[in-house]
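Enquirer: next one to model:
(6 chains, ligands or ions: 3)
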Amino acid sequence: MKIKRIIFLAAAGFLCTGTAVFADDIDTAEALALYSDAFDMIWLVLAAALVFFMQAGFAMVEIGLTRAKNAGNIIMKNLMDFSVGAVAFWAVGWALMYGATRGGFIGSDQFFIIGANAATLRDWMFQVVFAATAATIVSGAMAERTKFTSYLIYSVVISAVIYPISGHWIWSGVGWLGNLGFHDFAGSTVVHSVGGWAALAGSIMLGAREGKYVEVDGKKVSKAIPGHNMPLAALGVFILWFGWYGFNCGSTLSGTDLGIAGVAVTTTLAASTGAIGAMITSWIQFGKPDPSMSLNGALAGLVGITAGCGVVSSTGALIIGLVAGVLVVLSVEFIDKVLMIDDPVGAVSVHGVCGVWGTIAVGIFALPGNGMAGTGLLYGGGAAQLGIQALGSLSVMSWVLATTFILFYVIKKTVGLRVDSKEELEGLDASEHGMESYSGFQIFSNM
Amino acid sequence: MKIKRIIFLAAAGFLCTGTAVFADDIDTAEALALYSDAFDMIWLVLAAALVFFMQAGFAMVEIGLTRAKNAGNIIMKNLMDFSVGAVAFWAVGWALMYGATRGGFIGSDQFFIIGANAATLRDWMFQVVFAATAATIVSGAMAERTKFTSYLIYSVVISAVIYPISGHWIWSGVGWLGNLGFHDFAGSTVVHSVGGWAALAGSIMLGAREGKYVEVDGKKVSKAIPGHNMPLAALGVFILWFGWYGFNCGSTLSGTDLGIAGVAVTTTLAASTGAIGAMITSWIQFGKPDPSMSLNGALAGLVGITAGCGVVSSTGALIIGLVAGVLVVLSVEFIDKVLMIDDPVGAVSVHGVCGVWGTIAVGIFALPGNGMAGTGLLYGGGAAQLGIQALGSLSVMSWVLATTFILFYVIKKTVGLRVDSKEELEGLDASEHGMESYSGFQIFSNM
Amino acid sequence: MKIKRIIFLAAAGFLCTGTAVFADDIDTAEALALYSDAFDMIWLVLAAALVFFMQAGFAMVEIGLTRAKNAGNIIMKNLMDFSVGAVAFWAVGWALMYGATRGGFIGSDQFFIIGANAATLRDWMFQVVFAATAATIVSGAMAERTKFTSYLIYSVVISAVIYPISGHWIWSGVGWLGNLGFHDFAGSTVVHSVGGWAALAGSIMLGAREGKYVEVDGKKVSKAIPGHNMPLAALGVFILWFGWYGFNCGSTLSGTDLGIAGVAVTTTLAASTGAIGAMITSWIQFGKPDPSMSLNGALAGLVGITAGCGVVSSTGALIIGLVAGVLVVLSVEFIDKVLMIDDPVGAVSVHGVCGVWGTIAVGIFALPGNGMAGTGLLYGGGAAQLGIQALGSLSVMSWVLATTFILFYVIKKTVGLRVDSKEELEGLDASEHGMESYSGFQIFSNM
Amino acid sequence: MKLVTAFIQPHALNDVKQELYRNEIYKMSVTNALGCGQQMGYHESYRGVDIEVNLLKKIRLDIAVNEDYVKSTIDAIIEGARSGEIGDGKIFVTPIEECIRIRNGETGRMAIG
Amino acid sequence: MKLVTAFIQPHALNDVKQELYRNEIYKMSVTNALGCGQQMGYHESYRGVDIEVNLLKKIRLDIAVNEDYVKSTIDAIIEGARSGEIGDGKIFVTPIEECIRIRNGETGRMAIG
Amino acid sequence: MKLVTAFIQPHALNDVKQELYRNEIYKMSVTNALGCGQQMGYHESYRGVDIEVNLLKKIRLDIAVNEDYVKSTIDAIIEGARSGEIGDGKIFVTPIEECIRIRNGETGRMAIG
Ligand SMILES: Nc1ncnc2c1ncn2[C@@H]1O[C@H](COP(=O)(O)OP(=O)(O)O)[C@@H](O)[C@H]1O
Ligand SMILES: Nc1ncnc2c1ncn2[C@@H]1O[C@H](COP(=O)(O)OP(=O)(O)O)[C@@H](O)[C@H]1O
Ligand SMILES: Nc1ncnc2c1ncn2[C@@H]1O[C@H](COP(=O)(O)OP(=O)(O)O)[C@@H](O)[C@H]1O
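Expert: Ligands and ions are numbered 1, 2, ... in the order given. Next up, the predicted model:
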């Protein structure tokens, strides 16, 4: 490709002959403007790539925490929710989220990102991976029993409509929640809660997996259905954590924002204390430090810090993460044993509950003069920001629960939401995809 | 290390004391030139790292789609083709590809990258990972039956000679194909087709795996030899997709090129529709949506968009990906059932066939005024660019098929290309490396 | 979030209206200073993310090279050593490493990184992942028999005290070794040797795994305890190699350093020859090319080049890597068969021995006029630099061995270092965490 | 003494165990098996190529019992495993000549339980 | 009724099944096994340490048949599994006293097929 | 001819093999099994939910021997596998009516060894 060679001769030129060529050719101000754009460009594209990679993380976590007989189905769900979601977000989602607002509630132009310039393309790229993150969260909660076709339908709707609309409220710059001063830096609410509440609606509408809740002496009790591959689950968490540096740091949206470092530090510390918090809580609750809970704890810390990563101190981050870690264990237990809702990977607790916690936490821990959100309760800012944060969380939760319940209800009444019991027993790999994920391995399964 | 501290004191200086120091010390024009170089440097090194990571992706895909008894051998092949390939590309490959041209056909100096300055080192780094990608593609098609020593020999030759020469034609800036106006932005032809056609030659010369084609009632039929680990195959595809952002976006070769965003968007959309296309095609053809085909479809979309990612619209990308996704399924079936060539992972279809498709597609979908290639057929550019693209594809295909057939023939007649039947039955892990990849796991294998 | 939209409107502004706005708003010198900081910021944060991802690499390598019954325990160790280590490095480690020096031996302020500005936060972020790397190396050597609680204690101490103090000597800019001219660009000694020697102390204090050394005819012989998952081990190595581009290239500490390319090239070549060297050595020694040794070889090459990656030529890198590859195989054999110290993953050989080799190699291969270290022996620089390098290696080795022996001794005498024999037999997943890592898979284990 | 060997559907294992416990049979050995029988198998496909799977996943139970327990063992297995559909499985009874408890060398009827 | 138990080479399974089908024996159970016999095993190495592998992968076939089928079953297995090399395996015949089809409670000769 | 079937603790396999070799018994087949016996199992938990694991990992040994080897086989297994603790396992002896070496068609006493 000619241009390759030419550019690189030019570059070599700089290195050798120094300045002269340059100064003559391009005006300084133009160069500075170009560089500013270049910073944002490479920063956001690299961050987007990192966030994309989180898809692999979700897939591995969900595969690891479920049974071998459904691994191929989970792969398909994770691959396809991104694929159909990206097309949906291209056609409709972006327009509803970032198009010209109708009263702060919904965007209304730029369908098919028509007329996009370089900056819009860059922003679309960064946003599409966030939309896909919200969509894919649900897959874990609905694992091992959902009809594949129904899942495809769900994926289109959440990426095209549900996620973008609440996103518009908060991130469009002209949304009603954003205008009220609601602060969600990288998406504890916009992304994670949306995914988490959709996961809740999905798992309620589906019902529990066969064998998850059984009568014992006339009482319904929760049974464990152990995941089949902890190493993959762990790998998934490490990938997610890695990708989260793109998720949170990239949300500065600017490559020349020196706040990036602070975001990276709070993210790191909250993830760490999240893991620690969950480990200790599981140790106390169950007598032994539980790996799958500790892994969930790291994610809980990450979800928790996502809203406030740009406005809290490192100490604030430590506390937010720690609380998220404790919360996730208690929430998993509560949802499983008290509410008896079957969420195989803990998606509701990690993304829904800790998403709310992280959003609220902004109102408590936001540093004075952070330039983005009102000062938190702890620093004497009163309850103002806290109230707005609570309102935002609640609004998004209501929106998502309402729409996804309707969505899943309609799916249930039309194409059906769940595979039949024989197919579930056999495993979705065989029944939905006619294949085996671990051909040759001897697997002992009596559930 | 002293310099560490010093640099970072200086940096801290900027943050605190502001501008004064700076303006005095360095001339603006010099600074601008340095920054321009710095953009390219960090952009290309990061992109190279992403492309390097694709090695892990290839390894996982190939391991996942073959049998457990050969996993260790695949690891060795993937590790060593990069390792010996990098040394070969350092000693010879770079020189033949980017050295002073002999008539547009072959480079002729800079062996051992002698005299390389920072810019050359940077470019070598970015190019070596592309060379390694081409080399490693073959490994999957030749899996489960190739002698390890022979594979090492092949690796050296492709990285040192075959890949660099056709690369010179197109990417050296002075090659005959490039001069004709052939456009291959990131390597649908230069990298993927080269790998794909070498894979074709290799799998033909090797013959099929034992048990792949059997007589049933006097007719040769194709039997399935299922891969043993779909989660790893899926992980591999996600890693490849992730790395592809480095592969395609990095191919701007410049960190200040604002076209990066467009490349990222077309890459994302084509991968998505590739997966969708393959899923639908497999659904129609086989009755169920096939995970391993859908995964191949995402790769097919990526390979397809690689040539044109900088010159097509997002709609163009959607179509290119979709066609690639359909094509890959039909091609896999054709090669397997009609030609009866045994390509365990579909490398020929994904990289060879879709590489050609992507190259041709430039001649159809290139936007007017894209600054790199002639306008495509669809936008009224006539068949000119299309013709050149076809010529280029064909030339590279002929070059690679001819040289690799000779290469594999020579290897076959000297050291031998294939392990013997007993070793194949036992598995290459035991016979070639004296080890087991999944020690302790009970694996049921009767093939 | 309001700010999101605003920044991106501004950015769009640049792309459309060009220069005028910009030139008016910001003074050129200020812009140049900001950009310089921005380069360092995004470079170091991205590099830090890559280095963080190495945690996943270590986890996969260690899981792969040990038995299935301990996989969950390894996950917990790798997750928690980062988590508690990050908190420890935040509270104490950074202060001891980069706080105001006491005589070049230890830092003394900035506990809890109090008063950190953006530059300090950025540097902390980059340094914490190095500290975590040193800490996590030990986990592999102590695998399959260490009490989880004891491992947590060890993690805190190494990240808070042992690593930072020797780090201060070398990287603080005011440490006694740094002042002597000791050169360790990215941490062959500071990070890898520290981890390697701690691993040695740990594995000696623990003793070998049950069944590792058995009496046969009155003679103690070494038995193989094969790892259970080579694909994960290979994935881990590819992840580590990928992350190493952040580790080494990021250690320029500056995003405008054009030496980055050279670092990337030497890193790539040394890793390659490391793999080649180990493959050949294992082929000669054991009759077949050994995958797990070749994987170790790549890591050995990477560890070897880490100290000198900025000051050696590409030829130098090839030799350093090759020697490291040979060395690691011989060292693994020596430690296993002669010293009879049980290091399941070869951590002592890879990180300790090759760390020393890499450090020493600077004194041999450093190019004249490299601007960082004295000229090496081979280039006529005499033995001066070599002597300093040897002194540094030795000092750090003594420091680490002394402190970790004490540490492990104290742990042994108080909470105990090792699980009991029954727990070891059963596997640490069951005994320490009450779970199974591969639920359902039939695993044949009689050790 | 008899050895009762049964091949059952994997998902019936829990119910069978429950029934056996109810009949005070607490000792057994379980193995993974693949079975080929009247239940003809099914078709999978892999990358477009059809695979006929006629070895279906089964579980093999081996239960050594004294003569007077044979009937209740068989009944318990049937109770737990019968769905009335093809593939429910088979039970085979074979003679055991001796039984030894490794722990203490006990033999015969004493050892079996 | 007899139980024919064979330990064969894994790769012989398809051929053995083919031969059994040809002799109208369609029912069997298959298990993964490891065998130790005249075929002495081989040597692997792991990280430079030699491993003696003397438990080789085998497949265990259990086929319950009526007396009049015993010979043809044995012949079919031999036909399918014999390569003439060490490691081809063994066949053992043991008596079955009772056979029950779980699905419908059928017993004896009726149940076995 | 007898078939000696033993269920032992997995970690006892090496010792048992050693003892068998010492008694010149070199042929055997080994299978993975799960056992349920006096050794009551243990409790694991997964994500806070208790799991009762009462199928413990065992190894099944099948050794076909001539009558005169039965005792030494049993003794060797006991020697290698006995720890005196619950869970050591059981040995069952069943009659074999015929034994055939697939490789060359040898039968009976000749074939067994
Ligand atoms: N003659 C036999 N020998 C060995 N195993 C048998 C025999 N008949 C049945 N089995 C086992 O029992 C399982 C169920 O048998 P099948 O014929 O499918 O069911 P059903 O008895 O209900 O018709 C088979 O998969 C196989 O494992
Ligand atoms: N006496 C025996 N008891 C149990 N299994 C046996 C016995 N003899 C042979 N086997 C099984 O048969 C397999 C093949 O036996 P081997 O002696 O290697 O072959 P061959 O009979 O051809 O000499 C062994 O691996 C083992 O599984
Ligand atoms: N009656 C039986 N039938 C089948 N298998 C048995 C029987 N009794 C014991 N076993 C096997 O032997 C193993 C050990 O038995 P257990 O009762 O735990 O030990 P012990 O005999 O020392 O009391 C069990 O796990 C099971 O696999």
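Enquirer: what ranges do the strands span in chain D?
Expert: D:2-8, D:28-36, D:42-46, D:49-53, D:56-65, D:89-95, D:98-101 (DSSP state E).
Enquirer: and D:Ile8, how far is that from chain B?
Expert: From D:Ile8 across to chain B, the span is 19 Å (C-beta to the nearest C-beta, to the nearest Å). Every C-beta, even on glycine, is put in place using the N, C-alpha and C of the backbone.
Enquirer: these two touch, right, that residue and D:Lys58?
Expert: Yes - in this structure, D:Ile8 is within contact of D:Lys58 by C-beta atoms under 8 Å, at 6.7 Å.
Enquirer: list residues touching both of those two?
Expert: D:Gly89 (C-beta atoms under 8 Å, 6 or more residues apart in numbering or on different chains).
Enquirer: other residues contacting stretch A:152-164?
Expert: With C-beta under 8 Å, 6+ apart, stretch A:152-164 has contacts from A:80-81, A:84-86, A:88-89, A:91-97, A:107, A:131-132, A:134-135, A:138, A:191, A:194, A:198, A:202, A:399-400, A:403-404, A:407-408, A:411, A:415.
Enquirer: interface residues of the stretch 251-400 of chain A facing chain F?
Expert: Counting by C-beta under 8 Å from any C-beta of the partner chain, the stretch 251-400 of chain A comes close to chain F at A:282, A:285-288, A:290, A:292-293, A:329, A:332-333, A:336-337, A:346.
Enquirer: if you set the cut-off to 6 Å instead, what comes out?
Expert: A:Phe286, A:Ser292, A:Glu333 (C-beta under 6 Å from any C-beta of the partner chain).
Enquirer: now, of those residues, which are buried?
Expert: Using 16 or more other C-beta atoms under 10 Å in any protein chain shown as the burial test, these include A:Phe286, A:Ser292, A:Glu333 as buried.
Enquirer: and those residues as CSV, adding secondary structure, distance to C:Phe112 and pLDDT?
Expert: Listed next are these as CSV, based on DSSP: H, G, I helix; E, B strand; the rest coil; distance: C-beta to C-beta, whole Å; pLDDT from 0 to 100:
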residue, secondary structure, distance to C:Phe112, pLDDT
A:Phe286, helix, 32, 92
A:Ser292, helix, 32, 96
A:Glu333, helix, 33, 97
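Enquirer: check contacts around A:Gly262.
Expert: By C-beta atoms under 6 Å, 6 or more residues apart in numbering or on different chains, the contact set of A:Gly262 is C:Leu121.
Enquirer: pLDDT value on the nearest residue to A:Gly64 once chain neighbours are set aside, please?
Expert: Distances taken as C-beta to C-beta, 6 or more residues apart in numbering or on different chains place A:Ala233 nearest to A:Gly64, at 2.8 Å, with adjacent residues excluded. A:Ala233 is assigned 98 on the pLDDT scale.
Enquirer: okay, and the beta partners of D:Tyr46?
Expert: D:Val49 (DSSP bridges).
Enquirer: mind listing what's buried along stretch A:35-50?
Expert: A:35-50.
Enquirer: so who does the residue of the stretch 1-150 of chain A found nearest chain E touch?
Expert: For the stretch 1-150 of chain A and chain E, the shortest gap (C-beta to the nearest C-beta) falls at A:Ala68, measuring 16.5 Å. Applying C-beta under 6 Å, 6+ apart to A:Ala68 gives the contacts A:His228, A:Tyr438, A:Ile443, C:Gly440.
Enquirer: next, the angle from the helix or strand of chain D with the lowest mean pLDDT to strand D:56-65.
Expert: Using mean pLDDT, DSSP states H and E, strand D:42-46 stands out as the lowest-scoring helix or strand of chain D, at a mean of 82. With axes from the mean of the first three to the mean of the last three C-alpha atoms, to 10 degrees applied, the angle from strand D:42-46 to strand D:56-65 works out at 130 degrees.
Enquirer: what is the orientation angle of strand D:42-46 with strand D:49-53?
Expert: 140 degrees.
Enquirer: so which elements touch strand D:42-46?
Expert: strand D:49-53 (3 or more C-beta pairs under 6 Å, 6 or more residues apart in numbering or on different chains; DSSP states H and E).
Enquirer: which of the residues in the strand it packs on are buried?
Expert: D:Val49, D:Ile51.
Enquirer: repeat for stretch D:50-64
Expert: Within stretch D:50-64, judged by 16+ other C-beta under 10 Å, the buried ones are D:Ile51, D:Asn54, D:Leu55, D:Leu56, D:Lys57, D:Lys58, D:Ile59, D:Arg60, D:Leu61, D:Asp62, D:Ile63, D:Ala64.
Enquirer: in the sheet, who's paired with the last one?
Expert: In this case it means D:Ala64. With DSSP bridges as the rule, D:Ala64 is bridged to D:Leu3.
Enquirer: now do the same contact list for it.
Expert: D:Leu3, D:Ile96, D:Ile112, F:Phe92.
Enquirer: in chain A, where's the longest helix?
Expert: helix A:28-64 (DSSP state H).
Enquirer: on contacts alone, who are the packing partners of the next helix or strand after it?
Expert: For helix A:28-64, the following helix or strand on the C-terminal side (DSSP states H and E) is helix A:71-88. Applying 3+ C-beta pairs under 6 Å, 6+ apart, we find helix A:71-88 packed against helix A:28-64, helix A:118-141, helix A:148-157, helix A:428-433, helix B:230-244, helix B:260-286, helix B:291-306.
Enquirer: burial-wise, tell me which of these comes out on top.
Expert: Of all the helices and strands packed on helix A:71-88, helix B:291-306 has the most neighbours on average by mean count of other C-beta atoms under 10 Å in any protein chain shown, namely a mean of 33.
Enquirer: name the surrounding residues that touch that one.
Expert: A:72, A:75-76, A:79, A:433, B:186-188, B:192, B:237, B:244, B:266-267, B:270-271, B:273-275, B:277-279, B:282, B:317, B:320-321, B:324-325, B:328-329, B:346, B:350-351, B:354-355, B:357-358, D:47.
Enquirer: by residue count, what's the longest helix in chain D?
Expert: helix D:70-81.
Enquirer: excluding its backbone neighbours, what's nearest the most centrally placed residue in chain A?
Expert: Nearest to the mean C-alpha position of chain A, counting by C-alpha atoms, centre = their mean, stands A:Thr133 at 4.1 Å. Spatial nearest neighbour of A:Thr133, chain neighbours left out: A:Val191 (5.4 Å); criterion: C-beta to C-beta, 6+ apart.
Enquirer: of all the strands of chain D, which one is nearest ligand 1?
Expert: Of all the strands of chain D, strand D:28-36 sits nearest to ligand 1, with 2.1 Å by C-beta to the nearest ligand atom.
Enquirer: next, see if that closest one gets close to ligand 1.
Expert: Yes - judged by C-beta under 6 Å from any ligand atom, strand D:28-36 and ligand 1 are in contact via D:Gly35, D:Cys36.
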